[in-house]
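J.: Requesting a structural model of the entry that follows:
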Amino acid sequence: MSDSIIRRDPRLEWIARNRLHPLHQSMTETGPVRGPSGLIRRNPHQVGFIGPNGIKRIDRLGGNGTIAMSGRRQSQATKEAVLPLHRVEQPDYYIAVVPDMVGGQLSSHDRDVLGMAHQLIRELGGSGAVLAIVFGEHRESAFDRAGVDRLLQLEDDIFAHYTPEVKIHALAQVDEQFAPRHWLLPDSMAGGFELGRRLAARLGQRPATQAWQVSPDESLCRGGGGAFDLRRSTPKLLLLAEECAEPIDETRHEVLPLTLDGNLDSATTIADEGQVAVDPNAIALGEAEFILSAGNGVHDWSLFHQAAEQLGATEGASRVAVDNGDMPRERQVGATGTWVTARVYVAVGISGAIQHLQGIEKCDKVIAINTDIGCDMVKRAALSVIADSGEVLAELIRLIDVYRQKEMDDAA
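T.: Numbering: from 1, shown residues only. Next up, the predicted model:
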């Protein structure tokens, strides 16, 4: 157990992470910030920040990223830095990483785990390489910038189903063929939690779980729901917490393909009978992967509910919509409601109050539908539609009907 518990101020932490907060600048200009897990991280968004490879961060939005007084964004003629290529000709050993690949892409948790793999290689010394094992098809195009030196993609239709036994058999073959010095998996509900424990049982290892500080000799793991830390010798298999290490972002890696000798054993005692259809609104907001959320800009609520039903999305709402009585309190998203981690979050008519932006901080993709091009939600979104919400929802419903009719015609 650690000698002392780090006392943190959650409010100051989320101000440091939220670039839209008015106090963000003063919180981050001093240098490092502390992440949600308590790990002190460098601030790569700070202007003038220089990384370990000498690449300097430049400010492309003129100061603090706000719109200039003239109403136009300040533009700077800057060149994209060419990242240096990291090559491992003949690896002395491997660090094996099994990413979750939620939606066929690397998650932020996966990138932290890959960063930890390279941290271990730097401390172990020698010519080590990071070997990533991916099951089935993927849509990831940035393995090189995430730190993957060798990629073993096991393409088989069986991996499209829930087949943990087949995956463990394949990973056991990887362990026998490549003899990795360490196995690293994200300790997450997306798959790493179960797969890591099954692999540990297969290899006869006692894994380190919720590890957030790791060296070749010793690991620090969260215990008691994060109330205290456990210190133990570093085992061969580690299940890592989020923000366990800095992700790789300043080097390119070769991503050389590898193949697995022998055939995969497809024998399994588990029968995957497919997904079970459930009412999206029966899913808790904190567990929903696709959320259609409404704000003060929604006026036709029957149209909103119809769009959510057609899309198969869980309904959410801003505090204003809840206070107005248009949505129940349990549907409120934000710091004063429910913090969500959806893969896709569609904000309909939500301007983006600070508390709401905090609640959607960990959503992968945010889509904004709003008539105000300058609102904070549009700035936060990865994709924005500047139009009346009613018109957009009506067109979405129409396109869904056309798509489903085409599917029915093709099936006939």
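
J.: looking at this protein, which helix or strand does the model trust least?
T.: In the chain, the helix or strand scored least confidently by mean pLDDT, DSSP states H and E is strand 33-34, which has a mean of 54.

J.: Look at the residue nearest to residue 150 when sequence neighbours are not counted and report its pLDDT.
T.: Distances taken as C-beta to C-beta, 6 or more residues apart in numbering place residue 131 nearest to residue 150, at 4.5 Å, with adjacent residues excluded. For glycine as for every other residue, the C-beta is placed from the backbone atoms N, C-alpha and C. Residue 131 is assigned 97 on the pLDDT scale.

J.: what about residue 131, neighbour count?
T.: 24 (other C-beta atoms under 10 Å).

J.: Who does the strand or helix carrying it pair with, and is each partner parallel or antiparallel?
T.: Using DSSP states H and E, residue 131 sits within strand 128-135. Using DSSP bridges, the strands paired with strand 128-135 are strand 93-97 (parallel), strand 150-154 (parallel).

J.: For the stretch 301-412 of the chain, which segments count as strands?
T.: For the stretch 301-412 of the chain, applying DSSP state E, counting those that start in this stretch gives strands covering 314-317, 344-348, 365-370, 383-386.

J.: In the stretch 101-250 of the chain, what residue spans correspond to helices?
T.: 108-124, 143-146, 164-178, 192-203 (DSSP state H, counting those that start in this stretch).

J.: Need the residues that contact stretch 154-161.
T.: 133, 134, 135, 136, 137, 166, 167, 170, 260, 264, 266, 272 (C-beta atoms under 8 Å, 6 or more residues apart in numbering).

J.: The fourth one and residue 154: what is the separation?
T.: In other words, residue 136. Distance, residue 136 to residue 154, by C-beta to C-beta, to the nearest Å: 7 Å.

J.: Name the residue in these two with the higher neighbour count.
T.: Each of residue 136 and residue 154 has its neighbours counted (other C-beta under 10 Å); residue 154 has more, 19 against 16.

J.: Would you list the phi and psi of the nearest residue to residue 338 once chain neighbours are set aside?
T.: Nearest non-adjacent residue to residue 338, counting by C-beta to C-beta, 6+ apart: residue 285, 4.3 Å away. Residue 285 adopts backbone torsions of phi -60, psi -40, taken as degrees, to the nearest 10.

J.: residue ranges with poor pLDDT in this protein?
T.: Within the chain, the segments meeting pLDDT under 70 span 1-11, 13-14, 16-81.

J.: Show me how it divides into domains.
T.: 85-257, 280-411 (automatic domain parsing).

J.: And for the residue lying closest to residue 341 once chain neighbours are set aside, the neighbour number?
T.: Leaving aside its sequence neighbours, residue 341 sits nearest to residue 362 (C-beta to C-beta, 6+ apart; 4.6 Å). Applying other C-beta under 10 Å, we find 14 residues neighbouring residue 362.

J.: mind listing what residue 362 touches?
T.: 339, 340, 341.

J.: now do the same end-to-end measure for stretch 265-282.
T.: 37 Å (C-alpha to C-alpha, to the nearest Å).

J.: Residues touching that stretch, excluding its own?
T.: 156, 158, 161-166, 169, 288, 290, 308, 312-315.

J.: From those residues, pick the one nearest residue 150.
T.: residue 156 (19.2 Å; C-beta to C-beta).

J.: what separates that closest one from residue 123, distance-wise?
T.: 35 Å.

J.: So for stretch 135-150, what gets flagged as buried?
T.: By neighbour count on 16 or more other C-beta atoms under 10 Å, the buried set for stretch 135-150 is 135, 136, 138, 140, 143, 144, 145, 146, 147, 148, 149, 150.

J.: ugh, wrong one, stretch 84-99
T.: 86, 88, 91, 93, 94, 95, 96, 97, 98, 99.

J.: cool, stretch 284-301 as well?
T.: 285, 288, 289, 290, 291, 292, 293, 294, 295, 296, 297, 298.

J.: Turn those residues into a markdown table, columns for secondary structure and distance to residue 15.
T.: As requested, these are exported to a markdown table (DSSP: H, G, I helix; E, B strand; the rest coil; distance: C-beta to C-beta, whole Å):
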| residue | secondary structure | distance to residue 15 |
| --- | --- | --- |
| 285 | helix | 24 |
| 288 | coil | 27 |
| 289 | coil | 28 |
| 290 | strand | 29 |
| 291 | strand | 24 |
| 292 | strand | 29 |
| 293 | strand | 23 |
| 294 | strand | 27 |
| 295 | coil | 23 |
| 296 | coil | 25 |
| 297 | coil | 27 |
| 298 | coil | 29 |
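
J.: Spatially, which two of these are the most separated?
T.: 289 and 296 (25.3 Å).

J.: tally of neighbours for the nearest residue to residue 289 once chain neighbours are set aside?
T.: Leaving aside its sequence neighbours, residue 289 sits nearest to residue 343 (C-beta to C-beta, 6+ apart; 4.7 Å). As a burial measure, residue 343 scores 15 neighbours (other C-beta under 10 Å).
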